[in-house]
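Peer 1: quick one: sequence and predicted model below, then my questions.
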Amino acid sequence: KKLREDENMELELQYTELSCCEAGESVTLTQEEALEAAIPEYCPEVTRIVDAVGQLCLREYTSRQISGSVLVTVLYTSEESPGLRSLTLPVPFLTQADDKRLTGCDTVCMAGRLLLTEARAVTGRKLYLRVMPELTLTGYTCRRHRICTGVGEEPTLRLHRQEQSLTLLTSVTQRQSSVTQELQPQDWGEPPEELLAQRICPRITGSQPVGSRLLAKGEARICLLYRTQDGSLHTWEDTLPFSCLLDGLTVPEEAPVTGSCGTARLIRSDGAAAIGVELTLSLLVRTYETVTVAPVTDLYSTRWDTALQRQSLTLTETWPPETVQPEVHQELESRPFLYVTAADCGAVTTGQEGDHTTLRTPLRLRLLYLDESGAPVTAERTDEAAAPVPGDVTTARAACLSPSLRPSGTGLELTVPVELTVERSRRCTWDAITAAELTEPEPGRRPSLVLCRPKKGESLWELAKRYRTDEQAICAANGLEQETPLPSGLLLIPRVR
């Protein structure tokens, strides 16, 4: 097409649309709740509190509020009845989450941990309970990006593309699911008179789509503390497989699913030979897509002057989470009875060391044992779990898995596996072309051959654009390879006709 004087031709740009979810800055809230609760009539009076263990249950995030509860299991002794006793009481809470960083988010995901669980006897029939949950909210915003990847047919145009492969987070969904299964232990020995406490550590092992539903599979490591009729304490451990169906989710085969245990409730049957376990799971389902895109980063015409409009475009690349499982080992004195009532991880800190990042998390353990007089007491121990991971880390979190005890020499070895989950993302930014226009150049004769010296640091593309010619023509005229840097001497620049 021949342009008339003062006539412009706007080029028809071709776009590729990409959709992705971008995580905003996490919001951390701390809530303290306290209440006085009466002890149920069927429980004996409290003489001495041995330990208090909390279990955090987050219910829902609605109208900028988080509702949930902490189930507090109190282990105590009573002068009215021999042996260790327990009771579980809920401490509900409602936390305001009116934070500007969550405004406009399409999805808000919740996570939490307990900083404090405390119980004190006000009277023999009344308890003072105090808990402090720390809640973390992460907002995700779904964005659509239009990227110029081509231009309508025009033989004089030369395009510069930057092809790259991107891994994008395409959807985020958090669901609650309940699973109830029955255990029939064959190795109780003497049957339990009372179940006192439990540690239940669920882990998602895989998932697969079933039509418009997602089948999540996992296993829960269960460790029970119970008392028999003669007042003696015992523990029992097993692994319980489970599965649950989530409706309304269409995801690919490889969609990673992570889960945490909101609540775990033991339901003892009348025959005492079977126990029902009710798990309330908080499941986080994320889908990813790897795409190859070649955005047009520059263009020019060998015939006409070219005017470009640009806009900075930022897109977040997010990779599926990775996990490492370091173990913490402690040597303990040999005791006739020992039970880990709680194993908690703190916040993860990161440190760059060469080409890898070291993750560290503090570990807090509470141990229940019998003293020399046979009375139940607890002790607290601390440690640290650490593991190196390659490259940079965006966020990391830690969770204690099920501790184990085994004889070691003259004592016991306590092993606590810790699961460190690493998430990585990076922001990709480039000047995206949003419009291009061709105009008739100033009148004048263009020579068919020019002798020039390239500017310092000038690329072959920049040189060809400056003289409105071809990269291939410059290489052919000077015997150059297209991928090699330009020499500092004079070059022949042929005109493209």
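Peer 2: That came through fine.

Peer 1: part of a helix, is E462?
Peer 2: Yes - using DSSP: H, G, I helix; E, B strand; the rest coil, the assignment for E462 is a helix.

Peer 1: ok, it - contacts?
Peer 2: K455 (C-beta atoms under 8 Å, 6 or more residues apart in numbering). Heads up, the C-betas are built off the backbone N, CA and C, glycines and all.

Peer 1: go on, the one 3 residues further on?
Peer 2: Under the criterion of C-beta under 8 Å, 6+ apart, the contact partners of K465 comprise 158, 298, 300.

Peer 1: where in the stretch 251-400 of the chain is pLDDT low?
Peer 2: 252-274 (pLDDT under 70).

Peer 1: what do you get for the stretch 51-200 of the chain?
Peer 2: In the stretch 51-200 of the chain, residues with pLDDT under 70: 186-187, 189.

Peer 1: show me the strands in it, by range?
Peer 2: 65-78, 81-96, 107-123, 126-151, 157-161, 164-183, 194-210 (DSSP state E, counting those that start in this stretch).

Peer 1: possible to save these as CSV with mean neighbour count?
Peer 2: CSV is the format used below for the strands of the stretch 51-200 of the chain (neighbours: other C-beta atoms under 10 Å):
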stretch, mean neighbour count
strand 65-78, 20
strand 81-96, 17
strand 107-123, 18
strand 126-151, 18
strand 157-161, 17
strand 164-183, 16
strand 194-210, 18
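
Peer 1: got the ones you listed as CSV, with distance to V348 columns?
Peer 2: What follows is the strands of the stretch 51-200 of the chain, written out as CSV (distance: least, C-beta to C-beta, whole Å):
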stretch, distance to V348
strand 65-78, 22
strand 81-96, 23
strand 107-123, 11
strand 126-151, 12
strand 157-161, 40
strand 164-183, 21
strand 194-210, 18
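
Peer 1: rewinding a little: so which of the contacts of K465 comes closest to R406?
Peer 2: Distance to R406, by C-beta to C-beta, is smallest for D298 among the contacts of K465, at 65.0 Å.

Peer 1: list the contacts for the closest one?
Peer 2: 159-160, 308, 433, 461, 465 are the contacts of D298 under C-beta under 8 Å, 6+ apart.

Peer 1: recalculate using a threshold of 10 Å.
Peer 2: Going by C-beta atoms under 10 Å, 6 or more residues apart in numbering, D298 touches 158-162, 306, 308, 310, 431, 433, 461-462, 465.

Peer 1: also T378?
Peer 2: Per C-beta under 10 Å, 6+ apart, neighbours of T378: 49-53, 75, 339, 341-342, 366-369.

Peer 1: try T357
Peer 2: Contacts of T357 by C-beta under 10 Å, 6+ apart are 350-351, 387-393, 396, 422, 424.

Peer 1: redo that, cut-off 6 Å
Peer 2: By C-beta atoms under 6 Å, 6 or more residues apart in numbering, T357 lies in contact with 350, 389, 393.

Peer 1: please apply the same query to G68.
Peer 2: G68 makes contact with 57-59, 93, according to C-beta under 6 Å, 6+ apart.
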